[in-house]
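Enquirer: Coordinates only, no sequence provided:
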């Protein structure tokens, strides 16, 4: 089982560049989400999706876009990278947002540096 | 809004020492509570969970009890090993306040020395 796969693992961007972080899951999960992890801040929710075609904002959505055209994929787009977006990004999935006691599965993370 | 507060780290222990990492929460409704662990260079993985008051979650020698009266979910292990060195995150989910999303504490880094 692949689980949740994120690509790339590492990325360096220049300020103002755009890029897409990829996330795919093979568990047929309805719910997918993106978090960023910063020192001393824990994990903060950027965007989430409760199913194909449905997305919503989390705690820190500014500067990021998402779409969910299929159940499997949930890409995160940085429109114009800024140094404040230097972080480690994690994608997660779980069975359903309406089953809150179920386990969330995380990808291995993307370490992004914006210079 | 919903929130999780856990003890700040880092925590450094000798092998076979007793571990406690404190976690308290504020939530709308009745949360499910989780501990996730992040080993160096990896993503998070579920360590244990509890879904109602007085439930005890346990896994790999770790335990945590859902205490509604004190809004707490402290993580304990009787004898830690070097392989337990990791970052530990307390988290909650509610359908009301967090709308089904995981809300995390800031994490506690544990280092276990031989």
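Expert: Cool, got the structure. Being a predicted model, the structure only gives us computed values, none of them experimental.
Enquirer: Next, find the distance separating the residue nearest to residue A:66 when sequence neighbours are not counted from chain B.
Expert: Using Cβ to Cβ, 6 or more residues apart in numbering or on different chains and skipping the chain neighbours, the partner closest in space to residue A:66 is residue A:47 (4.3 Å). Any C-beta I mention is one placed from the backbone N, CA and C, and that applies to glycine too. Taking Cβ to the nearest Cβ, to the nearest Å as the measure, residue A:47 and chain B are separated by 10 Å.
Enquirer: Show me what residue A:47 bridges to in the sheet.
Expert: Residues found in beta-bridge contact with residue A:47 (criterion: DSSP bridges) are residue A:34, residue A:57.
Enquirer: quick one: is stretch A:102-112 near chain B?
Expert: Yes: shown here: stretch A:102-112 in contact with chain B (Cβ under 8 Å from any Cβ of the partner chain) through A:103, A:104, A:106, A:107, A:108, A:109.
Enquirer: Using CSV, please lay out those together with secondary structure and neighbour count.
Expert: Compiled in CSV, the residues of stretch A:102-112 next to chain B are given as follows (DSSP: H, G, I helix; E, B strand; the rest coil; neighbours: other Cβ atoms under 10 Å in any protein chain shown):
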residue, secondary structure, neighbour count
A:103, coil, 13
A:104, coil, 24
A:106, strand, 22
A:107, coil, 25
A:108, coil, 17
A:109, coil, 23
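Enquirer: which one of these is nearest chain B?
Expert: residue A:106 (3.6 Å; Cβ to the nearest Cβ).
Enquirer: Chain B contacts on chain A?
Expert: A:4, A:31, A:33, A:35, A:40-45, A:48, A:50, A:58, A:90, A:92, A:97-98, A:100-101, A:103-104, A:106-109.
Enquirer: redo that, cut-off 7 Å
Expert: Residues of chain A lying close to chain B by Cβ under 7 Å from any Cβ of the partner chain are A:33, A:40-43, A:45, A:48, A:58, A:90, A:97-98, A:100-101, A:103-104, A:106-109.
Enquirer: Contact residues of chain B facing chain A?
Expert: Taking Cβ under 7 Å from any Cβ, the part of chain B that reaches chain A is made up of B:32, B:42-46, B:49, B:51, B:89, B:93-95, B:100-102, B:104-107.
Enquirer: Just the buried ones from the residues you listed?
Expert: Neighbour counting with 16 or more other Cβ atoms under 10 Å in any protein chain shown marks B:32, B:43-44, B:46, B:49, B:51, B:89, B:93-95, B:100-102, B:104-107 as buried within the residues of chain B next to chain A.
Enquirer: How about the contacts made by the nearest residue to residue B:82 once chain neighbours are set aside?
Expert: Residue nearest to residue B:82 in three dimensions, not counting chain neighbours: residue B:112, with 5.0 Å by Cβ to Cβ, 6+ apart. For residue B:112, the set of contacting residues under the criterion of Cβ atoms under 7 Å, 6 or more residues apart in numbering or on different chains consists of B:13, B:15, B:80, B:81, B:82, B:84, B:85.
Enquirer: Strands of chain A, residue ranges please.
Expert: Using DSSP state E, the strands found in chain A span residues A:4-7, A:10-13, A:19-25, A:31-38, A:42-51, A:54-57, A:64-66, A:76-78, A:87-94, A:105-106, A:110-114.
Enquirer: Distance from the third one to the middle of the chain?
Expert: Spelled out, that is strand A:19-25. The gap between the average C-alpha position of strand A:19-25 and the chain average comes to 7 Å, counting by Cα atoms, centre = their mean, to the nearest Å.
Enquirer: With the last one instead?
Expert: Relative to its parent chain, strand A:110-114 has a centroid offset of 13 Å by Cα atoms, centre = their mean.
Enquirer: Many thanks, we can stop here.
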